[in-house]
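Peer 1: Requesting a structural model of the entry that follows:
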Amino acid sequence: MKTKNSFHSFKAPLLAGLLAGPILAFNAMAIDNVWSPIDTFSNPDGSQYAYFNDANNWSLGEVPTYTNPGDGTAERVIINGTLGLPGDYVACVITNDTGSLNQLIMGDNGSSGGGTLVVTNGANVSFGVGSGQWTGVGFPNGPSTLYIGPGCTFTCGSHLWVGQGTNNGNPAEGTVVVDGGTLSIPNGQLGVGWNGSGGTNELIVTNGGSVYLQQWAAPTLGEPGNASLGILNIADYQSKVVITNVNDNDFTQLEASGQLIAYGGLGKITVTHNPVAGTTTLGAIAPTNATTPFFSVQPSNAVVSPGGNASFTAQASNVGVNYQWFFDGNPLGDGNGISGSHTATLTITGVTPAEVGVYSVVATNSSVPSQFTSSLQASLSTTAISLYPVITILGVPGNTYVTSYSTTVNGTYIPFSTNTINSFAPFYLVDTNTPLAITRFYQTVQQ
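Peer 2: Numbers count the residues shown, from 1 in each chain. Coordinates of the predicted model:
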């Protein structure tokens, strides 16, 4: 066995601590390339690892590659936990971009689980993107851990099932850690303990990590009452989960059940919906203490005339803070009529319909950035009296009259309204296309 003194990006202590949906049939793929490491290394704590990009570590004697699923040569990547010293797994470490691979399943070998897969060194990894296959971590058996390190990306072509399904009655457990990296599921479901016979399954987003989901379903963190429990922990204020095609549906219920948590259950989850982008963003607020900003002045609603100026003021006075104003959940910057976006007072000059909406501000402790507070929301709306020309037609009942307009007295007249008179009473025609200062001249003739 080869040894090394250290593997700085492996984060063995974190992984060692972590190791303490629907049941789908495996896809009929022609070839399984099974993790069978020979060239192994040891961390200072004795845990073992080997490199993904080493042909000696695979049952087929080759590093997994993408092949056409339809030609009978597609590879399915299998990582099981039956290797290494007793009670220890040999972690599979990816340090280079993999390209698009077919399918990953961690844990298809009885109760031995699926071990650990580490994505590090800024690697970009994708499974099932070209073939539309789902990815399993602890599926159907755990324990299994997927670790996505800083600057790394992991993209699933279809669903990501974490710790669900059973074999021989053993609970399946899975853990996914997004540690400063990015997990993306653009075309399928996320299931963390979607179903199964028991166990706790986790998705941990930390150190500014990001998760992008195409959708959210009631059992994304396990259907209420399921034996398998799913937990989503947004562990710091810089991390986020962005979901499309969903509004605030069952997030409150998940918070109450302890399945959607911030800072390991000590903080508070934030839910921000952007109706323009069609996204909902889940974030985290750190536990409050003496360094947490407190708003002594909250912004108030504003109503102005079109083209007028509006301002919102908020004040956090217990600690030194930095301000960031938001419009409909999106951060603002100065310019195009906006000023003071990073001060206590936000000013909007020359208000147009595009500025009508909801404003709020976040105050962040200038010395302890993890401590911040969001203000109450305040709305900006406009009001105005619109004056429109009224043309009076005195005609003969039963006759039809055509009304035209021109921008000059002797110019070309353009028809814009045809009306049949039903009585001798005056008929009033309102031209709603000419508000306020627009000038038009009118003529009405019998058709």
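Peer 1: rest of the way, CA atoms for contacts and neighbours
Peer 2: OK.
Peer 1: Tell me the confidence at E173?
Peer 2: Note for E173: predicted pLDDT of 85.
Peer 1: who's in contact with it?
Peer 2: E173 is in contact with G138, N141, G142, P143, S144, V162, G163, Q164, G193, G199, T200, N201, counting by CA atoms under 8 Å, 6 or more residues apart in numbering.
Peer 1: In a helix, G264, correct?
Peer 2: Yes: assignment of G264 by DSSP: H, G, I helix; E, B strand; the rest coil places it within a helix.
Peer 1: mind listing what it touches?
Peer 2: N233, I234, A235.
Peer 1: Neighbour-wise, give me the winner out of those.
Peer 2: I234 (32 neighbours; other CA atoms under 10 Å).
Peer 1: Confirm for me that it is in contact with N207.
Peer 2: No: using CA atoms under 8 Å, I234 is not in contact with N207, being 9.5 Å away.
Peer 1: which residues of the protein score low on pLDDT?
Peer 2: For the chain, the stretches with pLDDT under 70 are 1-30, 67-73, 82-88, 110-112, 164-172, 224, 247-249, 384-387, 435-438.
Peer 1: how's this structure carved up into domains?
Peer 2: 12-285, 295-382, 390-446 (automatic domain parsing).
Peer 1: now, of those domains, which is deepest in the fold?
Peer 2: domain 12-285 (a mean of 21; mean count of other CA atoms under 10 Å).
Peer 1: what distance separates it from the centre of its chain?
Peer 2: 16 Å (CA atoms, centre = their mean, to the nearest Å).
Peer 1: quick one: which of the contacts of E173 is nearest to T40?
Peer 2: Taking CA to CA as the measure, T40 lies nearest S144 of the contacts of E173, at 19.0 Å.
Peer 1: Would you quantify the distance from the closest one to N53?
Peer 2: Separation of S144 from N53 (CA to CA, to the nearest Å) stands at 20 Å.
Peer 1: now do N365
Peer 2: With CA to CA as the criterion, N365 and N53 are 44 Å apart.
Peer 1: can you check T272 too?
Peer 2: 40 Å.
Peer 1: Check which helix or strand the nearest residue to N57 once chain neighbours are set aside maps to.
Peer 2: Here the nearest residue to N57 in space, its sequence neighbours aside, is P37; by CA to CA, 6 or more residues apart in numbering that works out to 3.7 Å. Secondary structure assignment for P37, by DSSP states H and E: no helix or strand.
Peer 1: For P37, give me phi and psi.
Peer 2: P37 has phi and psi values of phi -70, psi 140 when expressed as degrees, to the nearest 10.
Peer 1: Settle this for me: it is touching V90, isn't it.
Peer 2: Yes: P37 is within contact range of V90, at 7.5 Å (criterion: CA under 8 Å).
Peer 1: S317 versus I261, what's the distance?
Peer 2: Taking CA to CA, one finds I261 at 29 Å from S317.
Peer 1: quick one: which of the contacts of E173 sit in helices?
Peer 2: Within the contacts of E173, no residue falls in helices by DSSP state H.
Peer 1: okay, these in CSV with distance to A74 next?
Peer 2: Output for the contacts of E173, formatted as CSV (distance: CA to CA, whole Å):
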residue, distance to A74
G138, 22
N141, 23
G142, 25
P143, 26
S144, 24
V162, 23
G163, 25
Q164, 25
G193, 28
G199, 32
T200, 32
N201, 30
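Peer 1: now, which of the contacts of G264 lie within strands?
Peer 2: Of the positions in the contacts of G264, N233, I234 sit in strands, assigned by DSSP state E.
Peer 1: Out of the contacts of G264, which comes closest to L429?
Peer 2: I234 (60.2 Å).
Peer 1: Give the bridge partners for the closest one, please.
Peer 2: Here I234 sits in beta bridges with V205, A262, going by DSSP bridges.
Peer 1: Could you measure from it over to G181?
Peer 2: From I234 to G181 the distance is 13 Å (CA to CA).
Peer 1: Over to S210?
Peer 2: S210 is 6 Å from G181, by CA to CA.
Peer 1: Then A91?
Peer 2: A91 is 19 Å from G181, by CA to CA.
Peer 1: do the same with L260
Peer 2: Applying CA to CA, the value for L260 to G181 is 20 Å.
Peer 1: Correct me if wrong: N187 contacts G157.
Peer 2: Yes: counting by CA under 8 Å, N187 does reach G157; the two are 6.4 Å apart.
Peer 1: For the stretch 1-150 of the chain, which segments are assigned as strands?
Peer 2: 31-34, 40-42, 48-51, 75-79, 90-94, 99-101, 103-106, 115-119, 124-127, 135-137, 144-148 (DSSP state E, counting those that start in this stretch).
Peer 1: Make CSV from these and add distance to L60 to it.
Peer 2: What follows is the strands of the stretch 1-150 of the chain, written out as CSV (distance: least, CA to CA, whole Å):
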stretch, distance to L60
strand 31-34, 6
strand 40-42, 17
strand 48-51, 15
strand 75-79, 10
strand 90-94, 16
strand 99-101, 15
strand 103-106, 15
strand 115-119, 19
strand 124-127, 18
strand 135-137, 20
strand 144-148, 22
